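**Student:** what's the 3D shape of this:
(chains A, B, C, D, E, F, G and H, ligands or ions: 10)
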Amino acid sequence: MVATVSDALPRAHVSVDAERCKGCDLCVVVCAPRNLRLRPEFNRAGYHPVEFRYQGDRGECTACGLCYWVCPDFAITSVDRRVP
Amino acid sequence: MVATVSDALPRAHVSVDAERCKGCDLCVVVCAPRNLRLRPEFNRAGYHPVEFRYQGDRGECTACGLCYWVCPDFAITSVDRRVP
Amino acid sequence: MSAAVGYATKWGALPTLTGAPTHYCAGCEHGTLTRLLASAIEARQARERAVLVSSVGCSVLAHEYLNVDAVQAPHGRAPAVMAGIKRARPDLLVFGVQGDGDAVSIGLLELVNAANRGEPISIFLVNNAIYGMTGGQMAPTTPAGMVTTTTPNGRDVATTGRPFDATRLLLGLDGPAYLRRVFLPVAPTGSADVFNARGALDGEAAIRHAFEVQERGGFSFVEFVSTCWVNWKVSILESKRYAARVLAPLFPPGLYRDRFGVEAR
Amino acid sequence: MSAAVGYATKWGALPTLTGAPTHYCAGCEHGTLTRLLASAIEARQARERAVLVSSVGCSVLAHEYLNVDAVQAPHGRAPAVMAGIKRARPDLLVFGVQGDGDAVSIGLLELVNAANRGEPISIFLVNNAIYGMTGGQMAPTTPAGMVTTTTPNGRDVATTGRPFDATRLLLGLDGPAYLRRVFLPVAPTGSADVFNARGALDGEAAIRHAFEVQERGGFSFVEFVSTCWVNWKVSILESKRYAARVLAPLFPPGLYRDRFGVEAR
Amino acid sequence: MTALPEFLKGNEALAYGALRAGLTAFYGYPITPSSEIPETLAAKVGRPEFPRFRVFLQAASELEAINLAIGTAATGARTMTATSGPGFSLKQEGISYAAAMELPLLIVNVNRAGPGLGNLGPEQSDYFQATRGGGHGGYRTIVLAPDSVPEMARLPALAFSLAFRYRTPVIVLTDAFLGQLKEDLPVPDVAPEEWDTSWAATGARGPVRHVLSSLHLELADQNRHSRHLAAKYAEIARTEQRSEDVATDDADVVLVAFGICARLARAAVGSMRARGLRVGLLRPITLAPFPRDRIDDLVLSGVRRFLVLELNHGQMVDDVALAAAGRAEVRGLTEVGGLLPTSAAIGAAVEAMAVSPTPLVAAEEVDA
Amino acid sequence: MTALPEFLKGNEALAYGALRAGLTAFYGYPITPSSEIPETLAAKVGRPEFPRFRVFLQAASELEAINLAIGTAATGARTMTATSGPGFSLKQEGISYAAAMELPLLIVNVNRAGPGLGNLGPEQSDYFQATRGGGHGGYRTIVLAPDSVPEMARLPALAFSLAFRYRTPVIVLTDAFLGQLKEDLPVPDVAPEEWDTSWAATGARGPVRHVLSSLHLELADQNRHSRHLAAKYAEIARTEQRSEDVATDDADVVLVAFGICARLARAAVGSMRARGLRVGLLRPITLAPFPRDRIDDLVLSGVRRFLVLELNHGQMVDDVALAAAGRAEVRGLTEVGGLLPTSAAIGAAVEAMAVSPTPLVAAEEVDA
Amino acid sequence: MRSEAIVAGHGGQGVLELANWLAYYHLANGRHVASTPSYGPETRGGKVRGSVVAADAPIDSPIIETPDLLVVMNTPSLDFVPMLRPGGTLLVNRSLVAEVAPRPGLRVVEVPATDLAAGLFAFAPEPGLDTSMAANAVVFGAILALGAGEWATVRGPVEEVFRHTLTDRKQAYRPLDLRATESGFRWVRDHGAGALPATAPGAPLAASNGGAAPP
Amino acid sequence: MRSEAIVAGHGGQGVLELANWLAYYHLANGRHVASTPSYGPETRGGKVRGSVVAADAPIDSPIIETPDLLVVMNTPSLDFVPMLRPGGTLLVNRSLVAEVAPRPGLRVVEVPATDLAAGLFAFAPEPGLDTSMAANAVVFGAILALGAGEWATVRGPVEEVFRHTLTDRKQAYRPLDLRATESGFRWVRDHGAGALPATAPGAPLAASNGGAAPP
Ligand SMILES: Cc1ncc(C[n+]2csc(CCOP(=O)(O)OP(=O)(O)O)c2C)c(N)n1
Ligand SMILES: Cc1ncc(C[n+]2csc(CCOP(=O)(O)OP(=O)(O)O)c2C)c(N)n1
Ligand code: SF4
Ligand code: SF4
Ligand code: SF4
Ligand code: SF4
Ligand code: SF4
Ligand code: SF4
Ligand SMILES: [Mg+2]
Ligand SMILES: [Mg+2]
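**Tutor:** Ligands and ions are numbered 1, 2, ... in the order given. The predicted structure is shown next:
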């Protein structure tokens, strides 16, 4: 699951389980570089799930992991690519 | 019930209901002049009731009323003869 | 000190006492308190609007001696029953006598909530550090090391917790308006065979203040540090000495809160 | 702050999570706490000796998500159930999640007594100032003026009492060894659309400390100031702002007691 | 929109019914599926429509609630508390005290599925707990069972009337289905009845004291008090049985059902009569006292088959069997866990019974 | 004085019986007339004679006690709590949860007179509460009723055995008389039985988790669980009925009595047999499951008259009537408030019954 | 005559509100009504179902065993389809429900209710508010379109229902809800049953994976 | 053979202790015994009654309806006299009980038990202690004297009973209790039934009034 680090990739491998996500926005608002946003589509439960964007409005993903820490639904993970 | 004061009488009219008294000794130990003591006889309930003595071991009744105040069984009253 | 020292009335003549002989053991503060309640009610001329809530413990028969209306509460629930009466009839003077097991063990939730809501009622706690009525089991207030029927080797605070201080617990709440602790038993003095009677005098004053606070809309609570020689298995006078030596430091008497300043008057 | 930031594990891969989707509302701290518990249990490698006591409230299904042994307690009685488990099996890591209604209203007596006895268990209180599971009635922790289904005109502290501060109440007892309050929701920062995530990080640390205290023989209690936007009837983010504005001052986060100094390590 | 009839949940209707019957005080602790009762009442304190309603308090627990209610009831005020399953268990000690102290008091149990936490579906599994005195000491209470939203609104007035006439707690045993059901109902507007409350503890008047206590230290006193209560209950049993008959006149099989089951049974009577089966329904309105005289009448008029429908593993079936006393076949059809018996299951059970010989056996229970 | 037999109060004997059956933990709250149980146990923790007995805790209330007990029972340890009347009411919610979570647990109720605070004399007025599930949700428990001090000592072992075999709370329903009675008894010294506790919540082992919960949000799950419990109870009812017969073989009138009443009945059988009346006694040892098969046998073998003796206003009489199902006359002789029926009253009731024709009527109750 | 409808979806979709509107619509038309909610957990987020029985005579049993109409607001609610009586109507919120397995003898009406509602952003009580939660009103309109009458005749009772049922706080939504009802009504009248695009908007969403890298 | 005894008095008189001694005395003689307390209030100070049934065979009913022996330790306990079976024995603590109304067919034994006990001050475990509470042991001896045997033969079992029943704390009282038992035994043997002085020591005490003044 852990990818090798490449300069072309964001620092973290951020992965969202869109069916699990409830679109609560918490990861969105804690992500300082704004690398996350809600998608306009609905998932099966009727929520707009979150998606990760390579580069946010305010910079790159810092691999801070806060999106993982605040998610109440275990729907998002952030794996630092620099961690072996 | 309230008697006129006479020099020949103690300051308080102290009255014990011997059948009500449980001989707990509380009035005895709070009476500074020691004007009260338990009688050797039993009352019907099997207690040694208290009795009032004109003059205690340590002086006369001061009409302090403490015997009345501490009695848990409403068995003793102390009426100051000087109170009209 | 009360101005009523030497108060020239006789038992039975106090119309707020029924005159029935009490079932309390000789020398027990439950009896003393009964009479203090009667005098405080009379001082307020409140007999016809007073409602006693008797709780389960040695005080369960208080209504046999106090000549007022009465409602008996299930064990521990007196504060709720009192609040229920008072909410329906704010014109009544509602008061209750509880034991330490009743109020601080099984009934703690009801006590704390009535206090927190500031229900205008008056609760009088007889803290004798043991379960009197049921024959001497450990109470929440039992001091460390005391032998009771359920702590045959002395209370072990490591497994049973430390003694509860109900007054301090209530002090942590904003609701109560009047919190007072009185040492009710006769207390040893400097002289070996002389005891003082301050408790009874202070106690009556505290009750009168509690009533005053209630009628001004506040929750009032007076804890009476007491004894139970029968279950402590000591003589009557020894129980008073023990209370002065062990209980008074554990449950220090004093005025803990007086929001309306009734004691200052 | 925790060293585990960016902790490289995935849901479901955390063996202490079952992976079942939660029934919690979107954005609710009950979900966040579940994962924090899982990581703290794994940090102790305690999954096989952990027993969760789930209480009645939104946390009642916690055992569906936490992959550990579990016992469900009647409403409010989790501390007693936990103590019962621990006394029989001191080798187990016994912890429970309670709501504010569960722990501070109906279950206050059980909480206070477990705390007073210093039972070596860990209690995690989700204080969302309302009854979540039953649809938004007043809780003992509801702030003055808050509209709930049973306080349609806002909570009136004159008739219902002031909000209860469970942590402070426990602080009045000698029994607890660790008392900590954490503000768990994401919290507004200087910047209007940015929130901080300190609560989750602090929260996990607090849980780990609580477990440490338990295994050293002490009673540990962590209160998580939380939200319930569904029953507060505001948006998710507005609920976080409200919590920061109203609840945090009412229930100030902090370390209230740390008898064993586990936070100093 | 005054043109529309009231359309309320059963729980709301019950709250309004209590208000219209002169409710003074409500104490409760939230629990689904009964919470609409406090929620409806919370907004009504001090409202001019209900001038008697002065006290609403959310208690800290069901125990606090029942004891607050005891206090208020002791003053002679009309007092209600409401709960469901687990909360009803917690109130049992208080109900026993209220019965012993002879306090009029209305306790509502919106029966959900159990035991334990169970779930939120309807059950009638608290039947024994309500009718046999779920608390200690062998008291009895009156138990009323509505079967519709309009009846949820009507019964509080009857409940208070009986509670004050006999000075006894009265239980309204309803279920999660009826509590949550919405139905159109007419707006009853009856003036609250008045009753004697001279026994209440509201201050001594000269030598007249009011002491409400359940303690009788002398065995002979306790014996006298216990017999007094039993005699009261016997009088209630004689005079207060209430039930409704649907097409029992010529019935081969009489369904016996209360609450939501009575609604199922009503429909079954209709559809089976349409199919030519002579089926009737006896619906107990008082579960306690159980309408055993009505069962007796039916037996004497020739009914030999009773099918008891209930949401538990067979409780009311005992009361029917006791009343039938071997003179008729008594079977039970039960469903549990929040589910309801299907019309097919009811039809099959009735048919099986209608064709069977009548063996005069003891009560049997079958699960749906 | 080893020459003397043990001479213990019933409550003390019960405590020793539990210890000998391997008791691990006791939680209780004092209440007369049961307090000798905790008082006896308080001194025994950590004593070498009872190495399994590790936990004694006086709880803050009966509610705390039953929930402490639930926690300990969930670990598979042998757990007991004991109380009387009001305290038994307070435990009902917990018993319902324990039944739902299928926890083995021993609850003792030393029945005193009620309702409310009542008094300290013996009654059997908690019979319904114990046998019908005094808590919510329609569960059942096993209920055992000793009638002597030696049996107070013996039954805890049976109670634990049944509790663990069926994973269910077991109630010992005794009364103030037996609890306080002292009798001489032999010292039984049996090694505690061992049972499967693999279901207990003592930590997950790899993929194997133990979740003890009473919540079943899906109606179908709750339905399944409820039926599972009912099936278990049906099995218990089939296989665990226990009773004792005294001279029922040729009896014209069979007394039915448990607990202290069985002792009265025993004496009555003796004295009436001496007077030539053919009287027998059926003594239920399991009140639940009720020994209805035994009643059935007696009816089939020709018994037409049952006289039920109990200390309440008629509760077990229902179970006898249900079992007899109209095939025999069932009467009750009751006494309440702490009093006991006199031998004269029993004699008169038996004689009245023996000479009456047998009208096959429903159960009737008469007060002594 | 007795009519039986069941509305099913998840918490937050306004399922019970829709059932309530339907009930009041019947009441406004002088019928007797019995309506029941049924929900799973004590808390939010579970399955929610509302049933509405309407009849001219007082209602015996309020229980629905074989509804005439089943409204399916989300995919898991398809579980209820087997309940439908032969010849009954299945009304599906096509925006959130994947293709419906055909069952003979059923009338299937598919309405992209959430999408239609989302399209009504111009009627949001506050600008920028997501109006997709008005899907329940769209479905309300769709249900009414299954019966007789034109929008002009239906509109009056609908307005009455909204006036009566919306809480004070929600009265601001009245114009949106009315508009949504109308759009659902018109959508069904315009498209009839089964006339839907072939896409399956309710199919599972793919995981959004960070960057182009292999997972 | 079955013998039935009831001991009645008030709390604090050692009534149940006396019943227990009696029970153990029977046990020491190889009999079956059933003994019951019965007390009024949950607390102290009320009426206390102990009953002791002894028999050679296992005991059917432990209940006593018509005792063979009634021990009356205080005046209110005279209420139980009507229970006594014809020909039964009434043993009265004459120190605390006013004259007993004669009832034909009863054997009345009056023992000044409290006074006898008080007179044993020389045997107090601590000097100065009031020994009147050993009245129960005096009565124990009196009961034993009603049966056969001499003190010398009775003494052994009595000692065994005390050894077995007295708590550790009370073992110090053993010599006093033994002595008191002996004095009760001897008193009955010496005086027999009814041989009492005519004074009524249990009559109400006059109120003690302060000084000579009229009240
Ligand atoms: C529910 C319930 N539990 C237990 C009891 C038994 N009980 C009666 S009084 C009492 C405690 C008495 O102690 P306390 O409250 O301290 O009063 P005291 O007698 O010492 O004044 C107990 C446990 C009861 N009556 N009801
Ligand atoms: C004895 C009992 N009373 C009431 C309830 C109903 N009930 C379930 S959860 C709950 C309170 C939930 O509030 P809280 O404890 O604050 O938890 P939250 O859902 O807010 O996390 C209540 C009253 C119950 N299940 N049992
Ligand atoms: S790891 Fe940090 S920066 Fe990267 S997406 Fe998550 S919150 Fe944003
Ligand atoms: S925090 Fe989790 S549930 Fe919320 S939007 Fe982000 S991924 Fe989705
Ligand atoms: S009034 Fe005072 S001095 Fe006089 S007897 Fe009483 S206590 Fe003693
Ligand atoms: S205080 Fe009262 S009871 Fe005690 S000895 Fe004095 S008079 Fe008697
Ligand atoms: S038992 Fe204790 S508290 Fe009760 S009356 Fe006796 S001395 Fe007082
Ligand atoms: S109801 Fe409130 S506390 Fe419960 S899951 Fe939803 S948001 Fe969280
Ligand atoms: Mg006490
Ligand atoms: Mg909450």
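
**Student:** name the helices or strands packed onto the helix or strand where residue E:322 lies?
**Tutor:** Taking DSSP states H and E as the definition, residue E:322 sits inside helix E:316-324. Secondary-structure packing of helix E:316-324 (3 or more CB pairs under 8 Å, 6 or more residues apart in numbering or on different chains; DSSP states H and E): helix E:292-300, strand E:305-310, strand E:329-334, helix F:316-324. C-beta coordinates here come from the backbone N, C-alpha and C atoms, glycine included.

**Student:** Assumed residue C:71 was part of a strand.
**Tutor:** Yes - assessed by DSSP: H, G, I helix; E, B strand; the rest coil, residue C:71 belongs to a strand.

**Student:** Touching, it and residue C:53? I think so.
**Tutor:** Yes - in this structure residue C:71 lies within contact range of residue C:53 using CB atoms under 8 Å: 5.4 Å.

**Student:** Which neighbours do those two have in common?
**Tutor:** Here residue C:71 and residue C:53 share the contacting residues C:81, C:85, E:71, scored by CB atoms under 8 Å, 6 or more residues apart in numbering or on different chains.

**Student:** excluding its backbone neighbours, what's nearest the residue in chain A positioned nearest to ligand 6?
**Tutor:** Closest approach between chain A and ligand 6, counting by CB to the nearest ligand atom: residue A:72, at 68.0 Å. By the measure of CB to CB, 6 or more residues apart in numbering or on different chains, the closest residue to residue A:72 outside its immediate chain neighbours is residue D:31, 2.7 Å from it.

**Student:** There's contact between the one you found and residue A:73 in this structure, I believe.
**Tutor:** Yes - with contact defined as CB under 8 Å, residue D:31 counts as touching residue A:73 (5.5 Å).

**Student:** overlap in contacts of the two?
**Tutor:** D:22, D:24.

**Student:** ok so, going back, will you turn the helices and strands packed on helix E:316-324 into CSV that also has mean pLDDT and mean neighbour count?
**Tutor:** Listed next are the helices and strands packed on helix E:316-324 as CSV, based on pLDDT from 0 to 100; neighbours: other CB atoms under 10 Å in any protein chain shown:
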stretch, mean pLDDT, mean neighbour count
helix E:292-300, 98, 18
strand E:305-310, 98, 26
strand E:329-334, 97, 26
helix F:316-324, 98, 25
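
**Student:** which one of those lies closest to ligand 2?
**Tutor:** The nearest among these, by CB to the nearest ligand atom, is strand E:305-310 at 23.4 Å.

**Student:** Is residue G:139 in contact with residue G:114, as I believe?
**Tutor:** No - contact criterion CB under 8 Å: residue G:139 and residue G:114 do not qualify, at 9.6 Å.

**Student:** coming back round to it: orientation of the helix holding residue E:322 relative to helix F:316-324 in degrees?
**Tutor:** Computed by axes from the mean of the first three to the mean of the last three CA atoms, to 10 degrees, the angle separating helix E:316-324 from helix F:316-324 equals 80 degrees.

**Student:** Identify the residues contacting helix E:316-324?
**Tutor:** Applying CB under 8 Å, 6+ apart, the contact partners of helix E:316-324 are E:124, E:127, E:131, E:256, E:258, E:284, E:287, E:290, E:292, E:295-296, E:299, E:306, E:308, E:310, E:330-332, E:362-363, E:365, F:318, F:321-322, F:325-326, F:362-363.

**Student:** do the longest helix belonging to chain G and chain E meet at all?
**Tutor:** The single longest helix within chain G, with elements called by DSSP state H, is helix G:174-191. No - on the criterion CB under 8 Å from any CB of the partner chain, helix G:174-191 is out of touch with chain E, staying 13.6 Å away.

**Student:** Off-centre distance for that helix?
**Tutor:** 12 Å (CA atoms, centre = their mean, to the nearest Å).

**Student:** With stretch C:120-137 instead?
**Tutor:** 7 Å.

**Student:** CA-only coordinates of that stretch, as PDB, when you get a sec.
**Tutor:** The C-alpha trace of stretch C:120-137 is given here as PDB (Å, rounded to 0.1, in the frame of the first residue of the first chain):
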ATOM      1  CA  PRO C 120     -36.800  25.700  47.900                       C
ATOM      2  CA  ILE C 121     -36.900  22.900  50.500                       C
ATOM      3  CA  SER C 122     -35.000  22.200  53.700                       C
ATOM      4  CA  ILE C 123     -33.100  19.000  54.200                       C
ATOM      5  CA  PHE C 124     -31.700  17.900  57.600                       C
ATOM      6  CA  LEU C 125     -29.100  15.200  57.400                       C
ATOM      7  CA  VAL C 126     -28.400  13.100  60.400                       C
ATOM      8  CA  ASN C 127     -24.900  11.900  59.800                       C
ATOM      9  CA  ASN C 128     -24.100   9.200  62.300                       C
ATOM     10  CA  ALA C 129     -21.500   7.600  60.100                       C
ATOM     11  CA  ILE C 130     -23.400   4.300  59.900                       C
ATOM     12  CA  TYR C 131     -26.600   2.600  58.900                       C
ATOM     13  CA  GLY C 132     -28.600   2.800  62.100                       C
ATOM     14  CA  MET C 133     -31.900   1.400  61.300                       C
ATOM     15  CA  THR C 134     -30.700  -1.700  59.600                       C
ATOM     16  CA  GLY C 135     -28.300  -2.600  62.300                       C
ATOM     17  CA  GLY C 136     -24.900  -1.100  61.700                       C
ATOM     18  CA  GLN C 137     -23.600  -1.500  58.200                       C
END
